[in-house]
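**Q** just to be clear, the model below is a prediction. Sequence and coordinates:
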Amino acid sequence: MSVPYGECENRRAASALYCYSKTIDIPAGLRDQSLEAWQTSVRLTGVLRRAGVRVLGDLQGRKVGDFAWERNCGPKTLHELDSLARSAQSGAEKAPTPESAPLPQNGASFAIPESISQLQFHELPITGRLANIVRSIGAQTLGDLKGRSPFELLQYKNCGRRTLSELQQLIERAISGEFDETHIEDSTAAAELLTLLDQGMAKLLRRENQFLLARIGGEDLPCLTFEEIGRRCALTRQRVHQVVAKALDTLRKSWGPRVPRLLEMIKRRCLSMGCPLTPALLEQWIGESSRDFRLSRKAQVRLIAALDKNIVCWLEKHDGAGNGNGVSPHF
């Protein structure tokens, strides 16, 4: 049974109200600060202006979820607004953006600490343009940037300041520990995986998020095939498949090797127990953290099965959602 578009929008907004229900508290010293100082995206800027928000203080007492009803405000925009509110609440200074991240000056080379030098570019969340640049210079890890300067990279085709800023921001994220996989505990692996996937879903492009939710039956939506999604959106099955595949690839790389490492831990835990991953087992593993996630257990199991086809996942006792002994979801 199909769900009308308007009803889907209402459900999305209702989900946002639930996930972003905490009241925003802007420190008194920042309430007169203009939004321009925080360099928000064009889309978020438009959403806030339509809602009458001109300075940070206009957010005081409101909730991020309240903006879900505004035109052109999707999951990615809500996530950006949530990040803005959190930064302001902590009294942080203006967060760096791809356009404003500082670059090494006076011919200096990129600073790559030894602790992050082994991170592989193919495991990191980078744009296609940056991927082509690092491939052109023969760099496979962040450590391969040692001794290289931004000026040197500017000599390569399609490499401008924005691409260099993306690279610098990537280095800063690595230094801050976002991609660290060395301190993951087995007892909290399931909860951490679902947390990262939950945050990653909010950062996807709107179409990617919608199509992936439709495939896994998230947010009370029916679980649709590629053909069914394509018919609703006037797209071919292959095009829908490409969009979903890109969304899954983005989720795998959003935190570098952490998500693949967590998926591997889930797989080994299932193998050691001699049983497939089920919604009930996932509920048992995450315990009290279950109230923090927006997706149902079934949708989370389907998503895990899509991200790693080597994890056997069952929705019910005889209803397969993974592969191996289950039924492949054909992502």
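**A** Arrived safely, thanks for sending.

**Q** the closest residue in space to residue 79 that isn't next to it in sequence sits in which helix or strand?
**A** Distances taken as C-beta to C-beta, 6 or more residues apart in numbering place residue 202 nearest to residue 79, at 3.8 Å, with adjacent residues excluded. Every C-beta, even on glycine, is put in place using the N, C-alpha and C of the backbone. Assessed by DSSP states H and E, residue 202 sits inside helix 189-203.

**Q** can you give me the buried ones in that helix?
**A** The neighbour-count check on helix 189-203 (16 or more other C-beta atoms under 10 Å) flags 189-198, 200-203 as buried.

**Q** try stretch 65-83
**A** Quick answer for stretch 65-83 (16+ other C-beta under 10 Å): 65-68, 73-83.

**Q** again with stretch 28-39
**A** So, applying 16+ other C-beta under 10 Å, buried residues of stretch 28-39: 30, 33, 35, 38.

**Q** make TSV from those residues and add distance to residue 238, pLDDT and secondary structure to it.
**A** Putting those into TSV (distance: C-beta to C-beta, whole Å; pLDDT from 0 to 100; DSSP: H, G, I helix; E, B strand; the rest coil) gives the following:
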residue	distance to residue 238	pLDDT	secondary structure
30	48	80	helix
33	47	77	coil
35	41	73	helix
38	40	71	helix
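
**Q** I figured residue 226 hits residue 235, correct?
**A** No: Residue 226 is not in contact with residue 235 according to C-beta atoms under 8 Å; the separation is 9.2 Å.

**Q** residue 138 belongs to a helix?
**A** No: per DSSP: H, G, I helix; E, B strand; the rest coil, residue 138 lies outside any helix segment and is coil.

**Q** how many residues are close by the residue lying closest to residue 126 once chain neighbours are set aside?
**A** In space, residue 126 comes closest to residue 170 once its chain neighbours are excluded; the distance is 6.4 Å by C-beta to C-beta, 6+ apart. Residues lying near residue 170 (other C-beta atoms under 10 Å) number 24.

**Q** which strands or helices does the helix holding residue 202 pack on?
**A** For helix 189-203, the contact count by 3 or more C-beta pairs under 8 Å, 6 or more residues apart in numbering; DSSP states H and E identifies helix 75-89, helix 206-216, helix 237-253, helix 258-273, helix 279-286, helix 297-307 as packing neighbours.

**Q** which of those helices sits closest to residue 158?
**A** Evaluated with C-beta to C-beta, those place helix 237-253 nearest to residue 158, the distance being 20.3 Å.

**Q** got the angle for the closest one vs helix 297-307?
**A** 90 degrees (axes from the mean of the first three to the mean of the last three C-alpha atoms, to 10 degrees).

**Q** and what about the nearest residue to residue 149 once chain neighbours are set aside, helix, strand or coil?
**A** Once flanking residues are discounted, residue 149 sits nearest to residue 109: 4.9 Å by C-beta to C-beta, 6+ apart. Put simply, residue 109 is coil when judged by three-state DSSP.

**Q** what of residue 179?
**A** When the rule is three-state DSSP, residue 179 gets the label coil.

**Q** test my guess that it contacts residue 259.
**A** No: under the criterion of C-beta under 8 Å, residue 179 is not in contact with residue 259, lying 10.1 Å apart.

**Q** show me what contacts residue 153?
**A** Residue 153 is in contact with 133, 137, 159, 163, 164, 167, counting by C-beta atoms under 8 Å, 6 or more residues apart in numbering.

**Q** what's the spacing between residue 220 and residue 271?
**A** With the distance defined as C-beta to C-beta, to the nearest Å, residue 220 ends up 32 Å from residue 271.

**Q** which one's more surrounded, residue 226 and residue 235?
**A** Remark: of residue 226 and residue 235, residue 226 carries more neighbours, 22 against 17, as counted by other C-beta under 10 Å.

**Q** tell me how far that one lies from residue 139.
**A** Taken as C-beta to C-beta, the span from residue 226 to residue 139 is 36 Å.

**Q** isn't the residue nearest to residue 79 right up against residue 80?
**A** No: in this structure, residue 202 is not within contact of residue 80 by C-beta under 8 Å, at 9.1 Å.
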